[in-house]
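> the sequence and its predicted three-dimensional model are supplied below.
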Amino acid sequence: MKKIIVLILIITGVISCNTNNEKADGYGNFEATEITVSSEANGKIEFLNLEEGDLIEFQKQVGLVDTLQLYLSKQQLIASKTTVSSKSMNVLSQKNVLIAQLKTTEIEKNRIHNMFSENAATKRQVDEIDGKVKVIEEQIKSVGTQNAPIISDLKSIDVQIQKIDDQLQKCKIINPIQGTVLTKYAEAGEITAFGKPLYKIANISEMTLRVFVSEKQLPQIKIGQEVFVKIDGLNEMKSYEGTISWIASQAEFTPKIIQTKEERVNLVYAVKVKVKNDGSLKIGMPAEMWIK
């Protein structure tokens, strides 16, 4: 009986050791797509309403760069446009006067031509009225030519106003994605410049675990396959469900910081696993992938 008990204890111990020594199918770290939001304008930051850890909505305005100089430039252009428009109105007024004169002169021309056909007017009168009509027509063309550069000036001013409107819009700091602020680089009251980073944000509601597997493990996995993902817990490993979203098409050398199931494997394949984040998963955190 003692021998049987000892044998049972030995077998149990061996099984327990094998279970405890099981290795995961892949090891890696969590990552997320990080976006660095930079300034699109030069000037003083009027406000930047965000802090590290804040959850910011998509397309929400979180800050503003000083717009005073741009506003004044726009008002100056609007005033110039009003002045140029008044010049165009004067030219058009002159043209309208000439058009009215032309109509009256053409009526007189028809009357004199009719009189000439009845020998009631001289050839000299006909030539004079014909010449008068031609003069007025040339004056109308001349006035039209004077208005062309004015119209070009108005179009140029409109383009400049649109340009300033675009710059004014870029003074608004708009959040590009819904996510959590990771790092804040600037504060209200500071002077910023085009391209200067303001804050970094990432959507960490769903994390990506990048693991590495050997060539022999490739037949066991496929895109869309569900796997287990485990992280270190207080007393035991905490488990999550994940889905394989990407498998590398080319092998690479094993990264130094990564362990693999087969210790002597030189070439491995990167695999990405999507995991829903309950708030415990952090960027850079190590984790294990277990194939179901």
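Perfect, thanks for sending it.
> from the centroid of this structure, which residue is nearest?
Geometric centre of the chain, nearest residue: P176, 6.6 Å, by C-alpha atoms, centre = their mean.
> how about the contacts made by the closest residue to it other than its chain neighbours?
Distance criterion C-beta to C-beta, 6 or more residues apart in numbering; nearest residue to P176, sequence neighbours excluded, is I35 at 6.0 Å. No exception for glycine: its C-beta is placed from N, CA and C like everyone else's. By C-beta atoms under 8 Å, 6 or more residues apart in numbering, I35 lies in contact with 176-177, 179, 200-202.
> my guess is the residue nearest to the centre of the chain is in a helix, correct?
No. Secondary structure of P176 (DSSP: H, G, I helix; E, B strand; the rest coil): coil, not part of a helix.
> phi and psi next, for it.
phi -80, psi -20 (degrees, to the nearest 10).
> ok, it - contacts?
Applying C-beta under 8 Å, 6+ apart, the residues contacting P176 are 35, 37, 58-59, 201.
> list only buried entries from the residues you listed.
The neighbour-count test (16 or more other C-beta atoms under 10 Å) marks 35, 37, 201 as buried among the contacts of P176.
> SS state for the residue nearest to L182 when sequence neighbours are not counted?
Of all residues not flanking L182 in the chain, K200 sits nearest, at 4.6 Å (C-beta to C-beta, 6+ apart). Secondary structure assignment for K200 (three-state DSSP): strand.
> for K200, what are its contacts?
Taking C-beta under 8 Å, 6+ apart as the definition, contacts of K200 comprise 34-37, 181-183, 185.
> report the buried members of the residues you listed.
Using 16+ other C-beta under 10 Å, the buried ones in the contacts of K200 are 35, 37, 181-182, 185.
> where does the chain have low pLDDT?
1-21, 256-266 (pLDDT under 70).
> can you map out the helices along the chain?
2-20, 68-117, 123-170 (DSSP state H).
> just want the angle from the last one to helix 68-117.
The directions of helix 123-170 and helix 68-117 differ by 160 degrees, with axes from the mean of the first three to the mean of the last three C-alpha atoms, to 10 degrees as the criterion.
> start the count at 8 instead of 1 going forward.
Okay, using 8 as the starting number, the last item reads as helix 130-177.
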